[in-house]
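1. have a look at this prediction, sequence included:
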Amino acid sequence: MPGFELFGSKERKEVQDVLDSGVLMRYGFDGMRNGHWKANELEAALAKRMQTQHVHLVSSGTAALTVALASAGVGAGDEVIMPTFTFVASFESILVLGAVPILVDIDDTLTLDPFAVEKAIGPKTKVIMPVHMCGSMANLMALKDICDRHGLLLLEDACQAIGGSYHGKPLGSYGDLGCFSFDYVKTITCGEGGAIITNNETYYENAHQYSDHGHDHIGNDRGAEQHPFLGYNFRISELNAAVGLAQLSRLDEFLSIQKRNYIILREALSQIPEVTFRRVPEGGEENYSFLSFFLPTEEMAQKVHKALGTKGVDACFYWYNNNWHYYKKWEHLTQLQSLGNLPQEVKNVLPDYSQSDFSTSDHWMGRTISCLIKLSWSEKEMEERASKMVSTIQDTLFN
Ligand SMILES: *Cc1c(COP(=O)(O)O)cnc(C)c1O
């Protein structure tokens, strides 16, 4: 997945443009910038690639989620449905607005289970936030149908799945809003950065104003701009946007390398009858940043994961025991360990997650191993890795 593996002359050239002018900020300083507007250019390029009308860049993927929610009017006491398997950024982006994260089970897609989602809807629910973990997507058609019937918004967290698609649409562009991260370990990176995409003009207008202290961005005198509502600072810098511009131009090249490596590994592991694969919803195409597979039992998955590590097969994740990506280890959320006082709206209604039953999620995650697909692995290295994995898994299963 990580775009940093292939960092080169294109990235250097874009950054040099910014260094040469010295204008590190995305707004203003028109006379000094030698015509360089890297954030604007990246937004236009991303809009084209994602087939959406509006794109707004921000300082991180987490910021993108927060700004997306804020731009749609989500605030204190509103409930947002999110999966048990995701990065902690999901609930952070909700809690920071005083909104309430409602955790819901995943299914064999390793993303939100539409049946569980429908059961979790209440009078305060505003948004359904599927997270396209490890390069593949949620059943967006089913989720959109639920949103339409209940008057809810669909916000896609596509931070780990840029370049994947669903029924011909780029992931992130199917819902009302979509978010990407360009942090250092994502498929394309700009160091730190994120983006919100939408076809809704109001959300877009809200997003660029909210993420820049409420600036309305009208005219060319920043100091004289109006502030129609309260905002914050989630701006991206020109230096980061410059790197992102170079990396986005290489996205399709990265995706084809990932796909080649993914197929080699998948074909090899398919020889093992005990290994089954994560389900990709009909009409979906992954971005091939990970290959995720199931072992028959939790015990076997743990043994296989351990054996892979012992044999030196790196970059394989057993998320079930992971501190950052699965609800079981989110004690800071379940125990509400916040530095300061949390809003009453959150304290009043946040479910007691230490008592929740997410056995369906446990059933899938306990058996899942995900292998990162690196861009720097050659075909030959991938083949060697694949055969080593096959023999390690077979040895573990039959010993
Ligand atoms: C990385 C990631 C984020 C947050 O992105 P940052 O840019 O690191 O803030 C959010 N959601 C998912 C699924 C991610 O993988």
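-> Now that the structure is in, tell me what you want to look at.
2. what ranges do the helices span in the stretch 151-300 of the chain?
-> Remark: helices assigned in the stretch 151-300 of the chain by DSSP state H, counting those that start in this stretch are 201-210, 238-248, 251-269, 298-310.
3. now for the longest one, which elements pack on it?
-> Taking 3 or more Cβ pairs under 8 Å, 6 or more residues apart in numbering; DSSP states H and E as contact, the helices and strands that helix 251-269 lies on are strand 290-294, helix 379-397. In short, each C-beta sits where N, CA and C put it, glycine included.
4. the residue of the stretch 1-150 of the chain found nearest the ligand: neighbouring residues, count only.
-> The minimum distance from the stretch 1-150 of the chain to the ligand, using Cβ to the nearest ligand atom, falls at Gly61 (2.4 Å). Gly61: 26 surrounding residues under other Cβ atoms under 10 Å.
5. going forward, count from 39.
-> From this message on, residue numbering opens at 39, which makes the last subject Gly99.
6. how about it, nearest residue that isn't a chain neighbour?
-> Nearest residue to Gly99, sequence neighbours excluded (Cβ to Cβ, 6 or more residues apart in numbering): Ser219, at 2.4 Å.
7. return the residues in contact with the one you found.
-> Ser98, Gly99, Thr100, Ala102, Ala127, Cys197, Gln198, Gly231, Gly232 (Cβ atoms under 8 Å, 6 or more residues apart in numbering).
8. what pLDDT does it get?
-> We have a pLDDT of 98 for Ser219.
9. give me the below-cutoff pLDDT ranges for the stretch 89-238 of the chain.
-> Scanning the stretch 89-238 of the chain for pLDDT under 70 picks out nothing.
10. one step back: out of the contacts of Ser219, who has the most neighbours?
-> Ranking the contacts of Ser219 using other Cβ under 10 Å puts Ala102 first, with 33 neighbours.
11. quick one: contacts for the nearest residue to Glu239 once chain neighbours are set aside?
-> Once flanking residues are discounted, Glu239 sits nearest to His92: 6.8 Å by Cβ to Cβ, 6+ apart. His92 makes contact with Ala85, Ile235, Thr236, Asn237, Asn238, Glu239, Tyr241, Tyr242, Ala245, according to Cβ under 8 Å, 6+ apart.
12. so how far is Tyr242 from His92?
-> 4 Å (Cβ to Cβ, to the nearest Å).
13. what's the answer for Leu289, then?
-> Distance, Leu289 to Tyr242, by Cβ to Cβ: 22 Å.
14. how about Pro139?
-> From Pro139 to Tyr242 the distance is 25 Å (Cβ to Cβ).
15. any idea how far the ligand is from the residue nearest to the spatial centre of the chain?
-> Geometric centre of the chain, nearest residue: Cys197, 2.1 Å, by Cα atoms, centre = their mean. Cys197 is 4 Å from the ligand, where distance means Cβ to the nearest ligand atom, to the nearest Å.
16. my read: that residue touches Ala106, true?
-> No: applying Cβ atoms under 8 Å, one finds Cys197 not in contact with Ala106, separated by 11.5 Å.
17. overlap of the contact sets of His92 and Tyr242?
-> Contacts common to His92 and Tyr242, judged by Cβ under 8 Å, 6+ apart, are Thr236.
18. follow-up on the earlier one: looking at the helices and strands packed on helix 289-307, spot the one closest to Leu268.
-> For the helices and strands packed on helix 289-307, the distance to Leu268 is smallest for strand 328-332, at 38.8 Å, taking Cβ to Cβ.
19. the closest one: how far from the chain's middle?
-> 17 Å (Cα atoms, centre = their mean, to the nearest Å).
20. and that strand with helix 417-435, angle?
-> Angle of strand 328-332 versus helix 417-435, following axes from the mean of the first three to the mean of the last three Cα atoms, to 10 degrees, is 20 degrees.
21. from the contact counts, what lies against strand 328-332?
-> Looks like strand 328-332 contacts helix 289-307, strand 314-315, strand 406-410 (3+ Cβ pairs under 8 Å, 6+ apart).
22. burial check on the nearest residue to Tyr358 once chain neighbours are set aside, number of neighbours?
-> Among residues not flanking Tyr358 along the chain, Met403 sits closest, at 4.6 Å (Cβ to Cβ, 6+ apart). Neighbour count for Met403, taken as other Cβ under 10 Å: 25.
23. thanks a lot, catch you later.
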